[in-house]
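In: fold the following and give me the result.
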Amino acid sequence: MKEKYFLGGYTRRVNEGLTSITFDSQKETFTERELIDTIQNPTYLALSKDNRYLFTIEKEEPFSGVAVYKKKHNDTWIKKNYFYHTKAAGCHLFYLDSKKVLYLSNYHEGTIEIYHLNDDEIKHIQTVTHDGSSVHPNQIQSRIHFTSTFNQDKFLYVCDLGSDKIYVYSLAENGSISHLEQSLNIPAGTGPRHLAIHPNQKFIYIIGELNNTTILCHLKQNGHLEIIESYHNIPTDSHPEATGAAIRISKDGNFLYVSTRYQDQITLFGVDKTSGKLSLLQSISSYGKVPRDFCLSHDEKYLIVAHQDSDYLTLFKRNSASGIISLTDTKAYAPECVCILALNNK
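Out: Numbering: from 1, shown residues only. Just a heads-up that it's a prediction; the model follows:
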């Protein structure tokens, strides 16, 4: 089976821009990267469910913003529209298909920028500015790092790494933020970076960038979150500069994976489906420098890790029953890669 992945990354050294790569699971090989467009720092990507639209962060001096690409009949992509208006580039994108709305998290400006897609045109409809700080040197201001509705249309969940808060917002009919439902305080110095939801929709897991923990929360029927327990992703006496990066949960809900930068490690937890609680099953080197992002293949028989500083993808074979991963001999050149996104499996 062949699967296409889009690669987002910095363009500070050798990366040319927005690219894609194809993985052949039968041969356990990758194709050479294909250049979609030469743009600056397409660091995070999002796709519409029908695979017709690809969204990317883009830096176009002196401003930053988002760009929209549309799939053509010959399986190529063309840039249809863009909107540049912030001084600093964003760090995360989330697209809500049901409302045709794109949410940009801006780490440096502490904002959520909201856009509406009308045919091929992207229009900015709202800026939500946050305030706050916390105890870590990287928390002198609000730093929005993630948004998602978790397949719902009602609530938007937001990670503020700078103030150690998770915000839960109600959404208006047009996808804009209506009002604040909840502001959940996370332990000081955590730096909530990304969230993952359990397939049973009862539990949410928060990866803390700054203290490299995973926090288990109960997702209540009213959409609010309640902290249950916290887990260390690596031993507390490990590399002092190690920070949490990506978090993924398997489709069956039995296993949760997290990556650690600077210690360059993938950690596997087993998940108790009744309580949501985690148990450590495996810690393994990512076999590269700065594993900023990773993903599971569609059949979840492989785990692909993107490395920001060593410029290649590493391929792990995955045991579906145990969740355990093992390194293969396969690598692929992917310079400065910080986001890997699979084409949706329709």
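
In: going along the chain, name the strands of the stretch 151-300 of the chain.
Out: Per DSSP state E, counting those that start in this stretch, the stretch 151-300 of the chain carries strands over the ranges 155-160, 165-171, 177-185, 192-197, 203-208, 213-219, 225-232, 243-249, 255-261, 265-271, 278-285, 291-296.

In: so what's the residue nearest to residue 202 when sequence neighbours are not counted bridging to?
Out: By the measure of C-beta to C-beta, 6 or more residues apart in numbering, the closest residue to residue 202 outside its immediate chain neighbours is residue 219, 5.8 Å from it. For glycine as for every other residue, the C-beta is placed from the backbone atoms N, C-alpha and C. Note on residue 219: beta-bridge partners by DSSP bridges are residue 225.

In: hang on, the earlier thing: residue 67 is nearest to which of the strands of the stretch 151-300 of the chain?
Out: Across the strands of the stretch 151-300 of the chain, residue 67 has its closest neighbour in strand 291-296 (19.4 Å, C-beta to C-beta).

In: the closest one: partners in the sheet, and parallel or antiparallel?
Out: Within its sheet, strand 291-296 is paired with strand 302-307 (antiparallel), according to DSSP bridges.

In: got the angle for whatever helix or strand comes next after the strand it pairs with vs strand 265-271?
Out: Using DSSP states H and E, the helix or strand that follows strand 302-307 in sequence is strand 312-318. Interaxial angle of strand 312-318 relative to strand 265-271 (axes from the mean of the first three to the mean of the last three C-alpha atoms, to 10 degrees): 30 degrees.

In: mean confidence score for strand 312-318?
Out: Mean pLDDT, computed over strand 312-318, is 98.

In: what's the answer for stretch 250-259, then?
Out: What stretch 250-259 shows for mean pLDDT is 98.

In: ok, and what's touching that stretch?
Out: Contact with stretch 250-259 is made by 196, 198-200, 205, 207, 214, 233, 244-249, 265-271, 273, 278, 281, 286, 291-294, 296, 300, 303, 305, 323, as judged by C-beta atoms under 8 Å, 6 or more residues apart in numbering.

In: which of the residues you listed count as buried?
Out: Among those, those scoring as buried are 196, 198, 205, 207, 214, 233, 244-249, 265-269, 271, 278, 281, 286, 291-294, 296, 303, 305, 323 (criterion: 16 or more other C-beta atoms under 10 Å).

In: what bridges to residue 182?
Out: With DSSP bridges as the criterion, the beta-bridge partners of residue 182 are residue 168.

In: sorry, wrong one. I was asking about residue 129.
Out: According to DSSP bridges, beta-bridge pairing links residue 129 with residue 111.

In: what does residue 79 give?
Out: With DSSP bridges as the criterion, residue 79 is bridged to residue 69.

In: for it, what are its contacts?
Out: Counting by C-beta under 8 Å, 6+ apart, residue 79 makes contact with 37, 67, 68, 69.

In: dump the residue contacts of the second one.
Out: Residue 67 makes contact with 39, 42, 55, 56, 58, 79, 81, 82 under the criterion C-beta under 8 Å, 6+ apart.

In: what about the residue nearest to residue 202, how many neighbours?
Out: The number of residues packed near residue 219 is 21, by other C-beta atoms under 10 Å.

In: how near is it to residue 17?
Out: Distance of residue 219 to residue 17, computed by C-beta to C-beta, to the nearest Å: 37 Å.

In: and residue 67, by the same measure?
Out: Noted for residue 67: a distance of 11 Å to residue 17, by C-beta to C-beta.

In: do the same with residue 38
Out: For residue 38, the distance to residue 17 - C-beta to C-beta - is 4 Å.

In: tell me which of those two has more neighbours.
Out: A direct count of neighbours by other C-beta under 10 Å for residue 38 and residue 17 places residue 17 higher, at 18 against 12.

In: contacting residues for that one?
Out: Counting by C-beta under 8 Å, 6+ apart, residue 17 makes contact with 11, 35, 36, 37, 38, 39, 40, 42.

In: related to what we said a few turns ago, compare the contacts of residue 67 and tell me which is most surrounded.
Out: Counting neighbours by other C-beta under 10 Å, residue 42 leads these with 30 neighbours.
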